[in-house]
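> could you work out the structure for the sequence below:
(chains A and B)
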Amino acid sequence: MQFFFEVLIGGLLSGVMYSLVALGFVLIYKASGVFNFAQGTMVFFAALTFVGLTEHGLSFWMALPATLVVMVLLGLAIERAVLRPLVNQPQISLFMATIGLSFLLEGLAQIVWGTSVRGLDIGVADEPIGWIADRFGLNISKFDLVAALIAAVLVAALAFFFSRTRIGRALRAVADDHQAALAVGIPLQQIWGIVWAVAGAVALVAGLLWGARNGVQFALTFVALKALPVLMLGGLESVPGAIVGGLIIGASEKLAEVYLGPMVGGGIEGWFPYVLALVVLLFRPEGLFGEKIIRRV
Amino acid sequence: MLYREAGQFKSTYLADSAIFPLRQDRIAMAVLLAIAFIVVPLTATPYLFSAILIPTLILALAAIGLNILTGYAGQLSLGSAAFMAVGAFASFNFILRVPGIPILVAFVGGGLCAAAIGIVFGLPSLRIRGFYLAVATLAAQFFIIWFLTKVGWVTNYNSSGVITAQPIVVFGYRFDAPAPKYLLVLSIVALMALAAKNMTRGNLGRKWMAIRDMDVAAEVIGIPQMKTKLLAFAVSSFYCGVAGALFAYAYLGTVEPEAYNLDLSFRILFMVIIGGAGTILGSFLGSAFIVLTPIVLNVTVGWLDASGLHVPASAGSNLEVIVFGVLIIFFLIVEPLGIARLWSIGKEKLRLWPFPH
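Coordinates of the predicted model:
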């Protein structure tokens, strides 16, 4: 039983890491209807830029704002160069454009900073917390807990941003109906620029945590594939959905790997989240918290 | 001046609904086929056959398959490579376990297996739409590749999970050299492309397009949604399956399941979108673009390197990736409807040329 809880908690905490990546997807999809496949590469790009800057002698607190500026500029540039010319095109064209973008970014990041695998230290050790291990006999990583905390703060900040600030409300209006938002005088392109910039910042946070966990390497771009079932399960337009979906996927993936994996020969974590999301979608075609689509003829 | 329909009168409905109603189109197509079937095999080098022509044709076949599903029936799929894998591994097992089976029958059997699997993974499309469906098809991609890797029976218990394609023998003739292989692939692809063209411009294709444009409305006017969607998945997977078998037998030779990874699925989707969704011609143009671009970039970087501008190996490969990404974005911005659209615009212009009005 104790082992079960350990796996469960480990899974929940790693699910939070998936949510962090999924958040970036949700932000952009919510505001502009673009399914941004390049989000995973943006995570990689952010982590690599950060590590590259610290290697050039910048301290942690110097490199952080510098990378943030880079990511915000990148987000604005993407909006200007890729999305604006493609306004009103079918969603699939925009989706393909973001795949092209992910090629561009991964090439660019590696040409500037090199292709070697680097470690990233954010000052939190990936080791069990002593007093929990003593009292409850559970091994819970300090790093995972800090990551969960950061994700919680980020979600709270985003929720506040979306519901209480002027820009946040404009964002929601744009998400609801582009043309109506334009009609009441919301500057659409400015809003999209802001969304991409925020998504860049979220990618930075995810990149730091994932980079510290797995090392900064090309494989970091594949975290996008981990985030997709989370998105499906939670619903493409929902910030809380990304969190809940992440928790469900993380926990069930680890449990399935431990209890189901040995029966079928292991290695099931590659597809299990997708099949789980698929099963949930059969009952709720828009995910758990996605917007209900009512289709009329 | 040369390309216009003036003077070509049609007196029957049959003539009016021909694939190539214009005489010029018929002549151009005949010339193209003559070049592909006679001139190219006589002149091309083995490198041209095995590095460019054969993969372009095979991937064009897969792109036609995906185009039927995505371009005509409007169901976004990211799992086409997995269906190719099903076709390849099923063909391998047919030849291995059914003694004396003709190889072309085995290819068809592989395609039918892929179609069956395609129907199973197409079932969610009855409830799930758009990007949700795309991610659901990723489940097919990851699950099928995992299954082929894990189940030893499929690869005949090869310890490294690799299959070696048996030699292609049709009526006692061995297709060993690149040129005969090319002719075989070309014949299969040409026949299947013709079938696809006829399917998509007939009753079935119209049903698919109705489902694509608005499935609720299509159902209201009496198009059975389930049957039509599943048929699209089946036909699409059949094409992908045959393409996958050809990919293994005529192109790669030895294959592991990982050869049919997500990357290949994305490349096929690129072919459809860049070539032009909802056109058969676009599948060929897109395939040529996606196969040729990396080769051209590679040669260009090598040429830059040789001409004194020193390019480190890693920078070279990254440069290729960057340019590839930029080209994709560029093409999507310039012509979101694909290269096939440029072609039809060109034909319209040609009808008026050289007089502007």
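
> for A:D144, see how far away the residue lying closest to A:K254 once chain neighbours are set aside is.
In this structure, A:K254 finds its nearest non-sequential neighbour in A:G11, 3.2 Å apart by CB to CB, 6 or more residues apart in numbering or on different chains. For the C-beta atoms, the positions are set from N, CA and C on the backbone; glycine is no exception. As judged by CB to CB, to the nearest Å, A:G11 and A:D144 stand 10 Å apart.

> same check on B:A88?
41 Å.

> what's the answer for A:L83, then?
35 Å.

> contacting residues around stretch A:244-252?
With CB atoms under 8 Å, 6 or more residues apart in numbering or on different chains as the test, stretch A:244-252 has contacts from A:8, A:11-20, A:22, A:229-235, A:272-273, A:276-277, A:287-289.

> regarding chain B, what is its longest helix?
helix B:280-306 (DSSP state H).

> tell me which helix or strand comes right after that helix.
helix B:313-334 (DSSP states H and E).

> and stretch A:63-70, average pLDDT?
Mean pLDDT, stretch A:63-70: 91.

> in that stretch, what counts as buried?
A:A63, A:L64, A:T67, A:L68, A:V70 (16 or more other CB atoms under 10 Å in any protein chain shown).

> from the residues you listed, which two are the most distant?
Farthest apart among these by CB to CB are A:L64 and A:V70. That separation is 10.9 Å.

> the closest residue to A:A175 other than its chain neighbours and A:V275: what is the separation?
Nearest residue to A:A175, sequence neighbours excluded (CB to CB, 6+ apart): A:K30, at 4.7 Å. Separation of A:K30 from A:V275 (CB to CB): 26 Å.

> those two - which one has more neighbours?
Legend: neighbour count by other CB atoms under 10 Å in any protein chain shown for A:K30 and A:V275, higher for A:K30 (21 against 17).

> contacting residues for that one?
Contacts of A:K30 by CB under 8 Å, 6+ apart are A:L171, A:A175, A:L236, A:E237, A:V239.

> and the least confident of those?
Within the contacts of A:K30, pLDDT is lowest for A:A175, at 75.

> check which residues of the host helix or strand of the residue nearest to A:A175 are buried.
Here A:K30, judged by DSSP H and E, is contained in helix A:2-32. By neighbour count on 16+ other CB under 10 Å, the buried set for helix A:2-32 is A:6-32.

> just stretch A:33-42 next, same as before
Applying 16+ other CB under 10 Å to stretch A:33-42 flags A:V34, A:F35, A:N36, A:F37, A:A38, A:Q39, A:G40, A:T41, A:M42 as buried.

> if we can go back for a sec, the more surrounded of B:A88 and A:D144?
It is B:A88, of B:A88 and A:D144, that has more neighbours when counted by other CB under 10 Å, with 30 against 22.

> starting at the chain centroid, how far to whichever strand or helix holds that one?
Element membership of B:A88, judged by DSSP H and E, is helix B:80-97. Relative to its chain's centre, helix B:80-97 lies at 17 Å (CA atoms, centre = their mean, to the nearest Å).

> helices or strands next to that helix in the packing?
Counting contacts by 3 or more CB pairs under 8 Å, 6 or more residues apart in numbering or on different chains; DSSP states H and E, helix B:80-97 is packed against helix B:54-66, helix B:103-122, helix B:130-150, strand B:163-164, helix B:225-246, helix B:262-275.

> can you add distance to A:A46, mean neighbour count and mean pLDDT and give these back as CSV?
Below are the helices and strands packed on helix B:80-97 laid out as CSV (distance: least, CB to CB, whole Å; neighbours: other CB atoms under 10 Å in any protein chain shown; pLDDT from 0 to 100):
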stretch, distance to A:A46, mean neighbour count, mean pLDDT
helix B:54-66, 33, 28, 96
helix B:103-122, 35, 22, 94
helix B:130-150, 24, 23, 88
strand B:163-164, 41, 18, 86
helix B:225-246, 36, 26, 95
helix B:262-275, 23, 24, 90
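
> can you tell me which of these comes nearest to chain A?
When these are compared by CB to the nearest CB, helix B:130-150 sits nearest chain A, at 3.6 Å.

> against which helices or strands is that closest one packed?
Secondary-structure packing of helix B:130-150 (3+ CB pairs under 8 Å, 6+ apart): helix A:91-113, helix A:223-234, helix A:272-283, helix B:80-97, helix B:103-122, helix B:262-275.

> I'd like those as CSV, with distance to B:D305 appended.
Output for those, formatted as CSV (distance: least, CB to CB, whole Å):
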stretch, distance to B:D305
helix A:91-113, 15
helix A:223-234, 33
helix A:272-283, 42
helix B:80-97, 32
helix B:103-122, 41
helix B:262-275, 26
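
> ok, which of those helices comes nearest A:A181?
helix A:91-113 (18.2 Å).

> list the buried residues for the closest one?
A:92-111, A:113.

> could you check the angle helix B:262-275 makes with it?
Orientation of helix A:91-113 against helix B:262-275 (axes from the mean of the first three to the mean of the last three CA atoms, to 10 degrees) gives an angle of 120 degrees.

> on the pLDDT front, check A:I129 for me.
68.

> distance between stretch B:12-20 and the chain's centre?
On CA atoms, centre = their mean, the centre of stretch B:12-20 falls 27 Å from the chain's centre.

> repeat for stretch B:250-265
With CA atoms, centre = their mean, you get 14 Å for stretch B:250-265.

> list the buried residues for that stretch?
Here stretch B:250-265 shows B:A250, B:Y251, B:L252, B:V255, B:E256, B:P257, B:A259, B:Y260, B:N261, B:L262, B:L264, B:S265 as buried, counting by 16+ other CB under 10 Å.
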